[in-house]
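K.L.:
Pasting the sequence and the predicted model now:
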Amino acid sequence: MNVLVAGHTGLTGAFLVDQLLENPKITRVLTWGRRPLERQTEKLVHLGFMEGSNPQIPSVSIAFCTLGTTIRKAGSREAFKDVDVRLVSDFAHFARQCGARYFVLQSSVGADKPRGNFYLSCKAEAEKLCASLGFEGVYIVRPSILGGRRSEFRFGERIGLALMRAMNGLIPKRYRVVEASTVASAMVGLGLSQTPGVWIKESEDLADLARLAS
């Protein structure tokens, strides 16, 4: 089984690729985006920002999308939307052209009730778009704040994560820190389930899904 991944250089995406490469059910992992991963293996193929159908691309069964940025990192609201909506849209359409029947999207807690929040409104827009493209199965995960060591050092974020972990018992389950590796495991399990329909999994569901997938 071949799978397609976008957002592979991000926090969740890197865990996702590792788990897919280790899974015996997966024949090949194709990555779509600007930068390839440093690791090299025959099972991993980087496509770049390829568009449209191409006879050289093997057909894929499942597409995984962990694309996302922050408004601060993007530099503006418009640049943020370019990644979190337009680039997600481009990838989803490309996945359909590659034959993907199932699509797994990392969204965000709160995307069901954006209430004028620009970040969450973009996440909600991306969810609706992916669910409308005719995939046989669409699986949307809405994690809370992600835990895990990022490639770039963010002092304030690390302090915030430490404080939130210390207060986990006082925070509703939906808003507790969830490890990026857990999110990745849940996404792999959902994709491999190949269950028809549109399925939305909130942050408090992901640990149980990850355990079932392992």
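P.N.:
Structure's in. What do you need?
K.L.:
For the rest of this, base every contact and every neighbour count on C-alpha atoms.
P.N.:
Noted.
K.L.:
Please pull out the lowest mean pLDDT helix or strand from this structure.
P.N.:
Lowest on mean pLDDT, DSSP states H and E among the helices and strands of the chain sits helix 155-166, with a mean of 55.
K.L.:
Distance from the chain centre to the helix or strand following it, please.
P.N.:
Downstream of helix 155-166, the first helix or strand assigned by DSSP states H and E is strand 178-179. Mean-position distance between strand 178-179 and its chain equals 13 Å (Cα atoms, centre = their mean, to the nearest Å).
K.L.:
mind listing what strand 178-179 pairs with, with the direction of each?
P.N.:
strand 146-147 (parallel) (DSSP bridges).
K.L.:
how far does the partner strand sit from the chain's center?
P.N.:
Centroid displacement of strand 146-147 relative to its chain, using Cα atoms, centre = their mean, is 13 Å.
K.L.:
Can you pull out the residues in contact with it?
P.N.:
161, 177, 178, 179, 180 (Cα atoms under 8 Å, 6 or more residues apart in numbering).
K.L.:
and if you look at stretch 25-35?
P.N.:
1-9, 17, 20-21, 43-50, 91.
K.L.:
can you rerun that using 10 Å?
P.N.:
Stretch 25-35 has contacts (Cα atoms under 10 Å, 6 or more residues apart in numbering) with 1-9, 17-21, 37, 41-51, 57-58, 60-61, 63-65, 67, 87, 91, 94-95, 192.
K.L.:
Keep only those of the residues you listed that are in helices.
P.N.:
17, 18, 19, 20, 21, 91, 94, 95, 192 (DSSP state H).
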